[in-house]
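Asks: this one's sequence-less:
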C-alpha cells in the first residue's frame, strides 16, 4: 500500500486493528506503464523533493527512476486540474494507457494484525533557520543531500559537480560536520547522527572522482568511522584520494566578493586563526525524527527518548515500550544502512516469534495445468510485438518489425499488441499457445528484469514450460534511447527479435529444483549472540543444537557489567542461560567443537566432538556462526604487565567491583583509548571502548567528585545517543585530551608513582599527569578459531580475522554460502544491543529457510556436459560459491576417469565455469555457450 | 553511406543490463549501432565467443559487469 498512512491503532499484542488512510494517486496502477508521457506534457513545474530541490519535477511524477512500484502519481496540491477542474487535464489526454483518474478518492482501510513494525525513517536537519551557515541565502552553501544529487547521474547536472550560483565547475569544497547534530544551541539535537562522518568522506572521495583536481576539506570534531572497514576507508581517503581533514568546528560561513565565493574563518589545531576561501560549502546535515512520526508515536503510546527516537532496551533493541510493536532503522536511533538492515530482520524475528503459531495459516497455492511435452516438436515460435501505447510504436515501425519477424526461421505466429502486459493480452497469449501449438515464445517489449516473471506465468498457464521464453528489449534499450532515429530503431528492433529467436530456438524445458529442508538449526558459539539466536529460533518452534567450546554459556558478555543504557548484564545472562538449559527445543553441546561439515543449504551434516572425544552428527538446515571475539592484551605497551596500577578496561572493571584498594582510594585516573585499535597492524576501530571508558569515568566522578579523571583519546566515538554520556562526563569534569597516532602517550614509573606524558594541543606543551591508575581501553580481536570454522563451512574471514558477510550493506548477516549466517563479535566488534539485534537478524534469516519444507531453486544453473568434461578442474577455482567438486569414476574395465560434479543447491548460475572451460564441458542452462554464440551470430547477420 | 561500426555489448543482468534499462527510463540517448546481449554475469562470456564475434564482423566488443 503506497501513499498510505496509519491513522490509528487499537487492540494489543497478537490482535491489533490498524486504521490506514490511503491517499488518492489519481493514476490507476494497474494501467500505468510508467512511460512518462503525462509528465512530458504536464505544464506545472514543482521543486523536486527527491533531488533535494536541486531540480524541478512535474505535478504528475514518479518519485525517482528506480521507484517501486514504478507508477506515476499526481501531486494534488500542485495539479492544475485538481485545483481548478476543467483547466488543463493534458495528462489524461496523452496517457496511452488511459490510466489517469481524476475521480480517484481517498480510501480508508482497517487491517487486523498480530504485530506491528514501525520503520518510519528519518528526515535530515534543515539548516535554514539557524542562519549561521548561510544556507538558503548563499547559493553555494548546499546540504550533503544536495551534493549527493549533484554527483548522481540521475541528478540535476547528470553527475557534473557545478556551483549552483554560476554553473562553473567547483574547484574547492569544504564539508562542515555536525550540522544538526551534537549541537543543542542551534537545533536542539544533542545526539550524534552516527552516519555523517562516513557519508562526508564518501562524498568527498566521489566528488574528487567527478572533478579531477578538486580540493576537499572536511572540518570535523571527532571522526566517527566506527563501522566495519570504515577506518580503512578514512585512511584511504586521506592517503590515496587526498581528502584534507581539519579538526575544528567552524561556526559560520560568510560571502566573499560578488562571485559567490565563500569565506571560512576558523582556528586550527595549532591555535592559529585561519581564513580560507571556498567555491562551495557542503553542510553534513544530521538525522532527526520527522514531526508526524513523533505524533504517531505519541498516538500509539510509544515512549520516546530525549532525542525523539523510540525508546528500547539494550536487551531487546527492536521492541518499543509497547508489547507487540517493534521498530527498526533510524527511528530506533540514528544509524547507517547495515545496522538498519540488521534491525529490519531483527524486528521480523521479534514479530515472527510472536506469530509463530499462525505461520502459513493464510497462504494459498497457485495451481497450473500439466505441462505439455514438446521434446519431439520442431520449434514453433510465437512472437509478440508490443506497441507499449506509443512508447515503442511511436518510434519503431512495429508493423514492419512484425512482418520481418514472421520471416524468421521457426516463427509460426506473430501478433502485435497495444500492451502485451495487459490482462486481456495474457489471456490471448494463452489461447494462441494452445490453439496454434506454439512451443517457444518471444515477447518484444520492455525489459525481462521487470516483465519476465509475468510472461513466464502466462506460459505456465498455457501448459508449456516457463523457460521456453525470451524477451527482446525494444523499449528501454531501443525506442526510449533512439527516439530521434526511428529508422535505425526499427532496424535495431528487428535485430533484437532475430537475436531472441536465435536464442530461444534451442532452448529446452528447465525445471526448478526442489530441495528438502532439515528444519533445525545449528548455532556455533554460546555467547550473547549465539544464545539470543538459539532462543529466538527455539521459541519459533525450530529445534536448535548449540555448540559451545567452553564449559559455560555467556561468552565475552560475562566480563561486562552494564550496557550503555545502564541495563545490568549478569542477571540477563543468568536468565538466558536458565532458559536455554531448560528449553525443550535446544540441545546444548558444551565443551564441544565442530570437526567436520558436509552438505549445503537446507541439508547440512555437521560432526561435533566433545572433550571426551565423542562425536555427534547433527543434521541441520541452517547454521549461525556466533563464535565471538576476545580481548587484546597490550603486552609491551604503556607498561602493561610491568607497572602496578596499569590495567585494561575489563580488568579495571573487575578490580573496581572487587573493591581493590588502589582503585577505591585512587585520586587520579587516566584512560588511554585505542590501545591496539586503529593502528597499522590492526587498522579497525573496536567501537565499544569510547563509550565504555566514558561510562567508567562518569562512575568514578560520581563516586567522588574530587577525583581527577582524564581520557586520552584520538576521536571520541560516542555515536548516536551515547553522545549524551560524553556530555555528562564533560559536565562532571572529566578532562578529555586528544592525541594523535604518531604521538602516543607515554606511561612511566618512578619513585612518585605512575607518570603519564601526553602532548596537549591546546597548551602546546607536554602535559605530565601523576596517576594512581591507568586504564587501557583494549581492542577487541577476532577469535582464532575463525579461520578453521570458515574453512569447514566454506565461509570467508577478512584480513582482521572477522567473518566476511555476503554484502557489507545489504546482506549484513548472510554469507555467500547459502544457509549460513553470522552474528555478534565474530562479525566485528560491537556493543551488546548490536550483537543482540544481529543475532535476532540471523535467526530471522535462518527462519525464512526453516519455515519451509523444501526450497525451490531457480533453474538457471551450471550443468556438466558429460561428453566434453575431462575433469581438468579449471572451473573449481573460479567458482565463487564452491559449488563444483571433482569426481573420480572407475569403469568396468578399471579405467579411471575424472569429471566435475555441480551441486545445484550451491550454484547460482553465474557461469564463471562456462567462461573458463576450454572444452565446453560445462554450460549454464538458458545461457549456454551455444545460445550466446547464436545471439552473436544473429546480431551480426543483419 | 558512412561507415558505422557494429558493437556487441555483453551486459551482466544484475548491473550493466539494469543500467541500460535505466538509461532508457531516463531517456538518455546513445548511438543505435550497439547490440546488447544479456548474461547472468560478465564472467560467463567465453573468450571463444569474443573471437567468434570479431570473426563474424563485430568492430568492437564490450564486456560490462
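Replies: Received it, and whenever you're ready, just let me know what you need. Bear in mind that the values here come from a model prediction, so they are computed numbers and not experimental data.
Asks: ok, the closest residue to residue A:190 other than its chain neighbours to chain B distance?
Replies: Setting aside the residues directly before and after it, residue A:190 is nearest to residue A:184 in space (C-beta to C-beta, 6 or more residues apart in numbering or on different chains), at 4.7 Å. All C-beta spots, glycine's among them, are computed from the backbone N, C-alpha and C. Look at residue A:184 and chain B: by C-beta to the nearest C-beta, to the nearest Å, they are 43 Å apart.
Asks: Hmm, residue A:594 and residue A:608 touching each other?
Replies: Yes - with contact defined as C-beta atoms under 8 Å, residue A:608 reaches residue A:594; the gap is 5.8 Å.
Asks: Identify the contacts common to these two.
Replies: Common contact partners of residue A:608 and residue A:594 (C-beta atoms under 8 Å, 6 or more residues apart in numbering or on different chains): residue A:547.
Asks: which one of those two has more residues nearby?
Replies: Shown here are residue A:608 and residue A:594; by other C-beta atoms under 10 Å in any protein chain shown, residue A:594 has more neighbours (23 against 19).
Asks: Tell me the bridge partners for residue A:857.
Replies: Beta bridges link residue A:857 to residue A:513 when assigned by DSSP bridges.
Asks: thought it was touching residue A:513?
Replies: Yes - with contact defined as C-beta under 8 Å, residue A:857 reaches residue A:513; the gap is 4.3 Å.
Asks: So those two - more neighbours on which side?
Replies: A count of neighbours by other C-beta under 10 Å puts residue A:857 above the other of residue A:857 and residue A:513, at 20 against 15.
Asks: Starting from chain B, give me the distance back to that one.
Replies: On the measure of C-beta to the nearest C-beta, residue A:857 and chain B end up 14 Å apart.
Asks: check contacts around that residue.
Replies: A:512-515, A:904-905.
Asks: Run through the chain and note the low-pLDDT ranges.
Replies: Let's take chain A. When residues are selected by pLDDT under 70, none of them lie in chain A.
Asks: Not quite, go with chain B.
Replies: B:1.
Asks: Would you mind naming what in it lies close to chain A?
Replies: B:6, B:8, B:13, B:17-18, B:20-30, B:32-33, B:35-41, B:43-49, B:52-53, B:56-58 (C-beta under 8 Å from any C-beta of the partner chain).
Asks: what about the helices in the stretch 51-200 of chain A?
Replies: Along the stretch 51-200 of chain A, the segments classed as helices by DSSP state H, counting those that start in this stretch run A:80-83, A:90-94, A:144-150, A:196-210.
Asks: quick one: contacts of the last one?
Replies: By C-beta under 8 Å, 6+ apart, the list of residues contacting helix A:196-210 from outside reads A:144, A:147-148, A:151, A:159-161, A:170, A:173, A:175, A:177-178, A:181, A:214, A:216, A:218, A:220, A:222-225, A:227, A:230, A:233-234, A:237, A:241-243, A:282, A:284-286, A:336.
Asks: which of those are buried?
Replies: For those, a burial check counting by 16 or more other C-beta atoms under 10 Å in any protein chain shown picks out A:144, A:147-148, A:151, A:161, A:170, A:173, A:175, A:177-178, A:181, A:214, A:216, A:218, A:220, A:222-225, A:227, A:230, A:233-234, A:237, A:241, A:243, A:282, A:284-286, A:336.
Asks: And the residue nearest to residue A:190, how far from residue A:442?
Replies: 64 Å (C-beta to C-beta, to the nearest Å).
Asks: Please say which of the two ends up with more neighbours.
Replies: Neighbours per residue, other C-beta under 10 Å: of residue A:184 and residue A:442, the larger number sits with residue A:442, 29 against 10.
Asks: Am I right that that one is in a strand?
Replies: Yes - the assignment for residue A:442 is a strand, going by DSSP: H, G, I helix; E, B strand; the rest coil.
Asks: so what's residue A:620 closest to, chain neighbours aside?
Replies: Residue A:620 sits nearest to residue A:522 (C-beta to C-beta, 6+ apart), 4.3 Å away.
Asks: and the helix or strand containing the one you found, what does it pack onto?
Replies: Taking DSSP states H and E as the definition, one finds residue A:522 inside strand A:521-524. Applying 3 or more C-beta pairs under 8 Å, 6 or more residues apart in numbering or on different chains; DSSP states H and E, one finds that strand A:521-524 contacts helix A:528-539, strand A:544-547, strand A:615-620, strand A:622-625.
Asks: Reformat these as CSV; add mean neighbour count.
Replies: Formatted as CSV, the helices and strands packed on strand A:521-524 follow (neighbours: other C-beta atoms under 10 Å in any protein chain shown):
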stretch, mean neighbour count
helix A:528-539, 28
strand A:544-547, 26
strand A:615-620, 16
strand A:622-625, 30
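Asks: So for residue A:707, which of the ones you listed sits nearest?
Replies: helix A:528-539 (31.6 Å; C-beta to C-beta).
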